[in-house]
Each structure stands twice: as C-alpha cells, then as structure tokens.
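In: Here you go, sequence then predicted model.
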Amino acid sequence: MTVILTQVVVISGISGILALLLSIANRTIGDYGEMQLVINDEKEYTVDGGDTLLSTLVSEEIFIPSACGGKGSCGYCKVHVTEGGGQFLPTEAGYVTPDEQADGVRLSCQLKVKENIKIDIPEELFNVKQYDYLVTKLDNVTPKIRHLRLELPKEKEINFKPGQYIQILTPTYKDSDEEVYRAYSIASAPSDNHAVELFIGYIPEGICTTYIHQYLTLNDKLTVVGPFGDFYYHQNDREMIMVGVGTGMAPIMSILKFMHEEKIDRKVTFFFGARSGEDLYMMDVLKQMEKAMPNFELKCCLSRPKEEDAWTEDVGRVTDLIDTYVTEGENKEAYLCGSPKVIDAVVEKLFAKGLPEEHIYYDKFE
Amino acid sequence: MIDIHPMVIFFAAIFTNNMILSNFLGMCSFIAVSNEIKTSLSLGQAVTFVLTFTTLLNYVVYHYIMVPLGLEYLRYIVFIIVIAAFVQLVEMIIDRYFQTLYYALGIFLPLITVNCAILGVSLFMVIRDYSLMQSLAFGVGSGLGWTLAIVMLAGIRQRIKKNPLPRGLEGPGITLIITGLMALAFVGFSGMVTIQ
C-alpha cells in the first residue's frame, strides 16, 4: 500500500513541479508585454505579445478563415504581414508558395506576435463575427439533407453577400473529442439578416455532419463564425448559368432569393442535379420563384430516377444538361457549386462552349 | 561505480558506442532530417544540447529522489516526463532570447522530445552505473556522436541525390543501407576503447 502511495506521490510530485516551472516560465519568459498591431494602416490595437497572430486577432474579434483551428494543417489563415512578424518559419513552407512568401504572405496561426506588427487583411474580414445562434428549424428535406435555420439574438445581425459561407464550430460529442470548424454555404437571403439558413448533407463519419444529423436538436445553441468567401453574386448584364448538385443548391438559393427580392430581371437558368426523386428538395420554393421571375428557369435532372418518381424530365448528370441546353457561352456568366469532381467537369464543358474563365465563379465543397 | 575515466567514456560514446551506429537509437529523426548537411547539423546541435542537460537532470532526479525512495523501476516514466518538460522549457528560452538560434532549431526542438537516443542515454547511465562526471561525458559524447553520424549521412545523401536508384530503394530504403554500411565502418573503431 505505502509503495503504491509513494509512487503516486513521487510521480505526481515530479510532474507537478515541472508543470509549475513551465507555467512560471510561460508567465515570465513567455510574456512579451504589450505590442502594437496595425491593420491595413488604419486600425490600431494594443495586444498582449507572445501569442500566435491568429489567436491575437481572435481576441480582438477579427476572424481569419481557418478550418483546422490553428494547427497549421489547412493553410487557410494566410495574411499579408508588411512589418514585424519575424523570419519565415519552416512550418509555413508547406502552405505558402515562394511567390507568396516574397510578397509577405504568412500563416497567421504559426507566427507569433513578438514585436510591433503591421498586417493587411481584406476589408470584409472586419465584418466577420462569431456569435451563438439558436437552432429554430431542423427539418429533413431529403433522407440525407437537413435544412437548418439558425437565429441570432434580436440586437445582433449578420451582413453577407449572397453566395458566401459561414463556419460552424462543432462542439465535442460522443464520437468526436475535438472542436472543429466546418464551412457551409448560406441559403437564405441577405435581407434576412438576423438568421442564416443552411442545407447540410450527411457524410458518414463526417465530424460536423454527424453532429448536425444525429446530435443537434431544436433550440440548441450553435457557435457560428462568418461570413466568408469570394463566391457571391456579381452585378452585370450577362445571362446567368447556375449549376448545383445536392447541397450545392444552398448558395445558389441565396443568390436567387436576393435577385427575387431586389427584382433583378436577368436571364437565369438553374441546372440542378440529384440522384432520384427523393433527393429533390425546395422544389416548391423554386417553382414559386420561377412563376414570380419571368426570366428564371429551373432545369432538374436525375441520374438514377426510380420507378415511383415517374420522372419525365431529363435523365443524366448536370454536365448532360449543359450539353443539351447551353448553346454558346460567350455572353454568359456561370455560378457553380458542388463537389470538386462535378465542378471540374462542368468548367471543362463551359470552356468548350466559349464561356470566358473570368466569368465562371465556383465554390467547391470539399 | 565503475572505474573508467570520463574522457574514455566521452570518446567511446562518439566512436565505439555511437548511439545510432552501434545502438540504433534515434533513428526516426536520423532518417527524416538527413537530407541536407546544414539542417542535420542544426538538429545535431540541438540533440547534443538537450542530451547533455537531460542526462545531468535525470542523474540528479534518479540518484537523489528515486533511489532513496526505492522507485528505480519507475525511471522510464520519470525520465520521459523530465525530458519533455526540459525541451519545452528550452524552447521557450530560446524563443525569447536567442532568436537566430530559434529559427535554426525551432522546428527540431519538439522533435527531440521523442528522440529515443535521449531516453537511451539516460537509461544507459543507470544501467552502467555512471558517476556524475561519467554521465556528463557520456551525454556530451553521445550527442556529438549522434551529430557526427547524421552529418555524415546527410553528406552521403547529398552526394547521391542525383544518382539513379531502383524505385524501391529511393528514400528510406537507401538511407537504411547507407546507415548499415556506416555502422560496419564504425566496427573498425571497436577495440580502440572499451566501456562495457
């Protein structure tokens, strides 16, 4: 008995003393004092030095996109550092190309704020906020896709461009012991600025999708940060081609709702692809919009229609729809959303039809 | 206490009892970070530094805490805890006060925590019953020996970088063969000094 006790006491004692030493070291050696952080040459912040740039920015409520949460494994949190920031680190080399490096691009989760620092970030990131949303709607619109509505407290609002996305901070739950951020496109209109609606598909063993489909319930709180993304509506006179597969309908829905509300009367064709009849959703909303917007047309295709679907429209993949209905692409503009494979195939088709590269916008769901 | 002069142990640790080439300890970073002489030299320096001090620390912890309490069998756990904490502390200090060194070593320091040569030296020190001075000589010598081996390997790998190799031998394959040949070459030192 005493032997066991001594071992436990000695091991915990040694670990405890070392931990104490380390935390003292962290307070003294790791304390860099106050630093000046200047963003875009105009906004000045006084911050505590020693932390990574990413977490320093978060503590100032500026949210840089990051999917891995600062582990240096996603490469999304790039910022331009114009002054201070120290030497380029080997841990950044995998994500920052030599050209970017020469331009001052750094991974904000790797470099530490150890001196006064000046950085440049896109203006719209000031708009990015993290809030707790209330889940007020949680419907299964297809066997695999859930339609969520998340509402902000009354006094808060979110301002986004139609087509942008938010990130959900997935809490830990039974099958997952780490918090991760996952991105989902907003499906609601920007005018609805106290809430976001999302379509979330179920991916077996997906950390966030499993949580949304199996653990989340109505009136739960969900932490969301956003908006992000450079996939959004562009105003001009070109005819619009929209392509979405599965949950890829979300950002396109947002753009369509926006055009409907703003009474934008451009010619739009939305090509939507699904597997069978049960995978079609939001059809009533889209049909209503089709009635209200004379220049909007919806074309759906099923890749494997079942007998009970009694499907009389197109059968095949969205690329077949492009083949059939898009004659020439020169004066058109395309918005594509779905899996990388689908988007690559569609981009190839549209190229072949003469649609210029700078007018093809896409959001790959990876 | 065995009666060998610390200087003998020092040279033995470099040549006849080289951590890598005769004990095959610390192979992970030895193979992974031996592409360039420059980086492997930096890693070698970091290993030598950490080895020297953790050996001394572990000596003190072992002989003044664990032996009196009769807890020698817990040395594996305790040594690892001490090494991990020490490396963490060193990283903080270097980060703060030796910026250039931090950029040169930075990424290697955390790697050292799990380098089994470090733990190996502490354990050999106990098994062979070294005194404090002998342990110090053994720690420094092992570190230098490890550095010597990785720098030599990096030199050879740099030379053969452009040479054609059978597909299956590229990377770790040829590296292990080179290591084996180097180990054979080091057998030539045996008999020069004997410490066990």
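Out: Good, I have the coordinates.

In: Next secondary structure after the helix or strand bottoming out on mean pLDDT in chain B?
Out: Lowest on mean pLDDT, DSSP states H and E among the helices and strands of chain B sits helix B:99-105, with a mean of 73. Counting by DSSP states H and E, the next helix or strand C-terminal to helix B:99-105 is helix B:108-113.

In: so for that following helix, what's the average pLDDT?
Out: Throughout helix B:108-113, pLDDT has a mean value of 78.

In: Could I get the pLDDT score of residue 162?
Out: In the absence of a named chain, chain A is used. 91.

In: Actually, chain B is the one I wanted.
Out: For residue B:162, the pLDDT comes out at 85.

In: what packs against the least confident helix or strand of chain B?
Out: helix B:37-61, helix B:75-97 (3 or more CB pairs under 8 Å, 6 or more residues apart in numbering or on different chains; DSSP states H and E). Backbone N, C-alpha and C define where each C-beta goes, glycine included.

In: Let's have those helices in JSON lines, adding distance to chain A, mean neighbour count and mean pLDDT.
Out: Formatted as JSON lines, the helices and strands packed on helix B:99-105 follow (distance: least, CB to the nearest CB, whole Å; neighbours: other CB atoms under 10 Å in any protein chain shown; pLDDT from 0 to 100):
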{"stretch": "helix B:37-61", "distance to chain A": "7", "mean neighbour count": "21", "mean pLDDT": "89"}
{"stretch": "helix B:75-97", "distance to chain A": "4", "mean neighbour count": "19", "mean pLDDT": "87"}
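
In: and the residue nearest to residue B:16 when sequence neighbours are not counted, how many neighbours?
Out: Distances taken as CB to CB, 6 or more residues apart in numbering or on different chains place residue B:189 nearest to residue B:16, at 5.0 Å, with adjacent residues excluded. Residue B:189: 17 surrounding residues under other CB atoms under 10 Å in any protein chain shown.

In: Touching, residue B:189 and residue B:17? I think so.
Out: No - judged on CB atoms under 8 Å, residue B:189 makes no contact with residue B:17 at a distance of 9.4 Å.

In: Spit out the residues that contact those two alike.
Out: By CB atoms under 8 Å, 6 or more residues apart in numbering or on different chains, residue B:189 and residue B:17 have no common neighbours.

In: just to revisit the earlier point, can I assume the residue nearest to residue B:16 sits in a strand?
Out: No - Residue B:189 is assigned coil when assessed by DSSP: H, G, I helix; E, B strand; the rest coil, not a strand.

In: neighbouring contacts of the least confident helix or strand of chain B?
Out: Applying CB under 8 Å, 6+ apart, the contact partners of helix B:99-105 are A:86, A:87, A:89, B:42, B:43, B:45, B:46, B:94, B:95.

In: Distance check, the third one against residue A:355.
Out: Going back to what we said before, that points to residue A:89. Distance from residue A:89 to residue A:355, counting by CB to CB, to the nearest Å: 41 Å.

In: cool, the fifth one as well?
Out: The span separating residue B:43 from residue A:355 equals 52 Å under the rule CB to CB.

In: re the thing from before, nearest to residue B:132, of the helices and strands packed on helix B:99-105?
Out: helix B:37-61 (5.8 Å; CB to CB).

In: Just after the closest one, pick out the following helix or strand.
Out: helix B:67-69.

In: List of residues touching that following helix?
Out: Residues outside helix B:67-69 that contact it (CB under 8 Å, 6+ apart) are A:6, A:10.

In: Quick check: mean pLDDT of that helix?
Out: pLDDT averaged over helix B:67-69 gives 89.

In: what distance separates it from the middle of the whole chain?
Out: Offset of helix B:67-69 from its chain centre (CA atoms, centre = their mean, to the nearest Å): 27 Å.

In: what does stretch A:1-15 give?
Out: Taking CA atoms, centre = their mean, one finds stretch A:1-15 lying 49 Å from the centre of the chain it belongs to.

In: can you pull the contacts of residue A:190?
Out: Taking CB under 8 Å, 6+ apart, we find residue A:190 in contact with A:159, A:160, A:161, A:162, A:254, A:258.

In: and what of residue A:92?
Out: Contacts here follow CB under 8 Å, 6+ apart; on that basis residue A:92 touches A:72, A:106, A:107, A:110, A:111.

In: swap in residue A:117?
Out: So residue A:117 contacts A:35, A:36, A:37, A:38, A:53, A:81, A:83, A:84, A:85 (CB under 8 Å, 6+ apart).

In: Please flag which of those residues sit within helices.
Out: Using DSSP state H, the subset of those located in helices is residue A:53.

In: Looking from chain B, tell me which residue of chain A is nearest.
Out: As assessed by CB to the nearest CB, chain B sits closest to residue A:18 within chain A, at 3.8 Å.

In: Local confidence estimate at that residue?
Out: Per-residue pLDDT puts residue A:18 at 90.

In: Which residue comes closest to it once chain neighbours are left out?
Out: Among residues not flanking residue A:18 along the chain, residue B:85 sits closest, at 3.8 Å (CB to CB, 6+ apart).

In: What distance do you get for the one you found to residue B:118?
Out: Distance of residue B:85 to residue B:118, given as CB to CB: 13 Å.

In: ditto for residue A:31
Out: For residue A:31, the distance to residue B:118 - CB to CB - is 29 Å.

In: ok, now residue A:129?
Out: Distance from residue A:129 to residue B:118, by CB to CB: 46 Å.

In: just residue B:188 next, same as before
Out: Taken as CB to CB, the span from residue B:188 to residue B:118 is 27 Å.

In: Comparing these two, which residue is more hemmed in?
Out: Per other CB under 10 Å, whichever of residue B:188 and residue B:118 has more neighbours is residue B:118, with 29 against 10.

In: thinking that one is in contact with residue B:53, fair?
Out: No - using CB under 8 Å, residue B:118 is not in contact with residue B:53, being 10.2 Å away.

In: Do you have the strands of the stretch 251-366 of chain A handy? List them.
Out: A:268-274, A:296-302, A:314-315, A:332-338, A:360-364 (DSSP state E, counting those that start in this stretch).

In: Give me the contacts around the shortest one.
Out: If you take CB under 8 Å, 6+ apart as the criterion, strand A:314-315 is touched by A:299, A:300, A:301, A:302, A:303, A:305, A:320, A:321, A:324.

In: these two touch, right, the second one and residue A:275?
Out: No - Residue A:300 lies out of contact with residue A:275 (CB under 8 Å); the separation is 11.5 Å.

In: Can you give me the buried ones in the strand ranked longest in chain A?
Out: The longest strand of chain A (DSSP state E) is strand A:129-140. Residues of strand A:129-140 classed as buried: A:129, A:131, A:133, A:135, A:138 (neighbour count, 16 or more other CB atoms under 10 Å in any protein chain shown).

In: can you check stretch A:154-164 too?
Out: A:158, A:160, A:161, A:162, A:163, A:164.

In: Which one of the contacts of helix B:99-105 is nearest to residue B:133?
Out: Nearest to residue B:133 among those, with distances taken as CB to CB, is residue B:45, at 22.6 Å.

In: doesn't residue B:148 make contact with that closest one?
Out: No - counting by CB under 8 Å, residue B:45 stays clear of residue B:148, with 11.9 Å between them.

In: residues in chain A within reach of chain B, list them.
Out: A:3, A:6-7, A:10-11, A:14-15, A:18-19, A:21-22, A:25-26, A:29-30, A:32, A:86-87, A:89-91, A:112 (CB under 8 Å from any CB of the partner chain).

In: Buried among the residues you listed? Need that as a selection in ChimeraX.
Out: Restricted to buried positions by 16+ other CB under 10 Å, the ChimeraX selection for those reads:
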select /A:7,10,14,15,18,22,25,29,30,32,86,89,112
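
In: Can you tell me which of the residues of chain A next to chain B end up in helices?
Out: Short answer: these in helices (DSSP H) are A:3, A:6-7, A:10-11, A:14-15, A:18-19, A:21-22, A:25-26.

In: Mind putting those residues into CSV with distance to residue A:183?
Out: Listed next are these as CSV, based on distance: CB to CB, whole Å:
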residue, distance to residue A:183
A:3, 54
A:6, 52
A:7, 48
A:10, 48
A:11, 43
A:14, 44
A:15, 39
A:18, 40
A:19, 37
A:21, 41
A:22, 35
A:25, 37
A:26, 33
